Structure formats: C-alpha cells, structure tokens
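*Asks:* Requesting a structural model of the entry that follows:
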Amino acid sequence: MSEANASQDLFDVSGLVACVSGASSGLGRRAATVLAQAGASVVGIARRSADLEDWRAEAGGKTAAVTADLSSRATLRDLADRIGAPFGAPQILVHAAGINTRQPADDVTEDGWDITLALNLTVPFFLSQALVPAMAEKGWGRIVNFASLQTTRAFPGGVAYGASKGGVGQLTRAMAEAWSPHGIMVNAIGPGFFPTELTAAVFGDDERAARNAAQTCVGRNGRLEDLDGPLLFLCSPASSYVTGQILMVDGGFTAK
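*Replies:* Have a look, this model is predicted:
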C-alpha cells in the first residue's frame with residue numbers, strides 16, 4: 001500500500017454505519033450528508049419527517065430516516081432497535097440535535113430548562129448508553145458530541161444552554177473514561193458561529209454577525225463545509241488515539 005493510500009484509509013468511513021441526531025437541519029444535516037457522501041450508511045433522526053426526507057434526497061448514498069421526539073424518555077427506550085433496523089447497529093454516533101431557548105436568567109422557565117437539558121445533555125448520554133454495547137462487542141466505535149462556545153464562555157440569554165453545553169464537555173470526558181477501553185473513542189466538536197436555524201437571530205443582525213467574525217482569529221464566521229474535515233477525523237480510524245477531547249471548530253474564537 002502506498003503512503004497516499006494509507007493516508008486516505010485513515011479517514012475512510014465507507015462501509016460503516018452511522019447515526020446522526022438532528023439530521024433534518026443545520027449542523028446535524030451537514031454531518032449526516034458528509035458521512036453519507038463519504039460512503040457510510042447513515043440513519044438520520046429528527047422530529048420532522050418531511051425534512052428528513054428532504055435530507056435523504058440531498059445526501060444520496062445509503063440513508064434511512066427515523067422520526068422521533070428525542071425529548072421523550074419513552075422514545076429513547078426503544079430507539080436503539082429502530083436505529084439498527086435499516087443497516088445494523090451503528091459504529092458511529094453523532095449527537096447534533098439541540099435547542100437554545102435564549103431565555104435571560106430572570107426569565108428562564110422550568111419547561112425551557114427541562115427541554116434544554118433533556119435534548120442537549122440527557123439524550124447524548126442515554127442514546128449512547130443504548131448503542132455502546134454493540135460497539136463494544138466489535139471493539140470499535142466513534143461517538144461525537146456537540147459542544148459549543150458556551151461550553152467555556154458565558155453568553156447573554158445562555159443560562160440553560162450554557163449549563164447544558166458545559167455539561168457536554170464533562171460528559172464527553174466521562175464517556176471516554178468509561179468506554180474507550182472497549183475501543184470506543186468519544187470526543188466533541190465545539191462549533192463557533194455557523195449559519196443555521198439555531199443561530200438565525202445572530203446572523204439576522206448584520207452588526208452582530210460582523211462583531212462575532214471580528215472576534216475570530218481568521219476574521220470570518222463559519223461556513224458549513226468547515227465542519228467536514230473535523231467530523232471525518234473524529235468519525236474515522238484517524239482518531240484512534242484521540243478521546244475525551246473537545247475540538248473547537250471556531251476560527252480561533254476561543255483562542256482570543
């Protein structure tokens with residue numbers, strides 16, 4: 001095998017089964033599309049079935065959709081079987097589903113707090129817990145959580161969201177400690193500002209978007225394609241000795 005081929009194999013996910021939550025929109029949709037176009041068989045999970053079908057048409061490749069309300073504990077209990085039905089148990093699990101209510105501290109509601117913690121923190125753990133045994137049996141797996149700038153920074157209106165994403169940072173380390181001895185690498189991507197449904201309010205304000213861009217080291221906000229390389233790295237054999245880490249994909253926002 002040539003050195004070039006060996007390097008390509010490091011990032012090869014073809015023939016693997018991946019599951020991506022939040023696949024109907026935003027960064028989850030991009031992640032699910034990239035994995036499908038790289039040759040993985042991808043199961044996308046989201047609440048909106050029509051949007052999932054749109055994603056499948058866009059992505060091409062081998063894909064399947066599972067419509068589910070991830071905030072429901074009852075849904076989580078039987079979700080592993082539904083995920084494994086199309087292609088078998090996944091070796092790659094990407095947790096991109098999330099919510100940001102943007103409630104100021106004095107206005108945070110119990111419902112807003114509960115759904116934020118449920119989707120952003122509870123789901124990544126319990127869905128992983130359900131799918132880890134099959135990965136451990138094969139001695140190989142990749143779990144990618146989605147952290148945030150608010151994993152380490154406090155933003156206005158971010159009490160519940162920041163608490164959940166701070167938790168994702170520690171959850172990533174704890175999951176790595178528990179499951180990496182079985183060949184399962186657990187890491188997180190920490191996106192900067194990318195144009196998605198979740199950040200529509202940010203990008204709808206030109207002055208605010210420009211201010212965020214100026215805070216980065218590279219002088220611009222994220223483009224969806226900026227996610228592709230880091231994601232494939234963390235989902236592939238290339239990350240075989242990387243676990244418990246948060247890879248900030250933020251143009252250097254947190255470096256300043």
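*Asks:* Check the model's average confidence along the helix or strand encompassing Gln129 for me.
*Replies:* Here Gln129 sits within helix 123-138, counting by DSSP states H and E. Summarised as a single mean, pLDDT over helix 123-138 is 97.
*Asks:* can you list contacts of the helix or strand following it?
*Replies:* Later in the chain than helix 123-138, the nearest helix or strand by DSSP H and E is strand 141-146. Residues outside strand 141-146 that contact it (Cβ atoms under 8 Å, 6 or more residues apart in numbering): 27, 31, 91-96, 98, 124, 128, 132, 135, 168, 171-172, 175, 179, 182-191, 231, 234-236, 239. Placement of C-beta: from N, CA and C, glycine included.
*Asks:* From the residues you listed, which land in helices?
*Replies:* Assigned to helices by DSSP state H, the following of the contacts of strand 141-146 qualify: 27, 31, 124, 128, 132, 135, 168, 171-172, 175, 179, 231, 234-235.
*Asks:* Sketch out the low-pLDDT regions of the protein for me.
*Replies:* 1-8 (pLDDT under 70).
*Asks:* how much does the longest strand seen in it deviate in direction from helix 123-138?
*Replies:* Looking across the chain with DSSP state E, the single longest strand is strand 184-191. Relative orientation of strand 184-191 versus helix 123-138 (axes from the mean of the first three to the mean of the last three Cα atoms, to 10 degrees): 150 degrees.
*Asks:* helices or strands up against strand 184-191?
*Replies:* Judged by 3 or more Cβ pairs under 8 Å, 6 or more residues apart in numbering; DSSP states H and E, the packing partners of strand 184-191 are helix 123-138, strand 141-146, helix 159-179, helix 228-235, strand 246-249.
*Asks:* ok, and which of those has the densest surroundings?
*Replies:* strand 141-146 (a mean of 26; mean count of other Cβ atoms under 10 Å).
*Asks:* Can you list the strands that that strand pairs with?
*Replies:* If you go by DSSP bridges, strand 141-146 pairs up with strand 92-95 (parallel), strand 184-191 (parallel).
*Asks:* and the first one, C-alpha only, in PDB?
*Replies:* It stands for strand 92-95. C-alpha atoms of strand 92-95 as PDB (Å, rounded to 0.1, in the frame of the first residue of the first chain):
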ATOM      1  CA  ILE A  92     -20.600   5.900  14.600                       C
ATOM      2  CA  LEU A  93     -22.900   8.100  16.600                       C
ATOM      3  CA  VAL A  94     -23.100  11.800  16.200                       C
ATOM      4  CA  HIS A  95     -25.200  13.900  18.600                       C
END
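*Asks:* my guess is Ala147 meets Gly167, correct?
*Replies:* No: using Cβ atoms under 8 Å, Ala147 is not in contact with Gly167, being 9.7 Å away.
*Asks:* quick revisit: generate TSV for the ones in helices among the contacts of strand 141-146, with distance to Gly15 as supplementary columns.
*Replies:* Shown next, in TSV, are the ones in helices among the contacts of strand 141-146 (distance: Cβ to Cβ, whole Å):
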residue	distance to Gly15
Leu27	24
Ala31	18
Pro124	25
Ser128	22
Val132	20
Met135	15
Val168	29
Leu171	29
Thr172	26
Met175	25
Trp179	22
Leu231	17
Leu234	18
Cys235	13
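*Asks:* who touches the helix holding Gln129?
*Replies:* 19, 21, 70-71, 73, 76, 79-80, 83-84, 89-91, 93, 95, 97, 141, 143, 145, 168, 171, 175, 179, 182-184, 186.
*Asks:* make it 7 Å
*Replies:* The contact list for helix 123-138 (Cβ atoms under 7 Å, 6 or more residues apart in numbering) reads 21, 70, 76, 79-80, 89-91, 93, 95, 97, 141, 143, 145, 168, 171, 175, 179, 182, 184.
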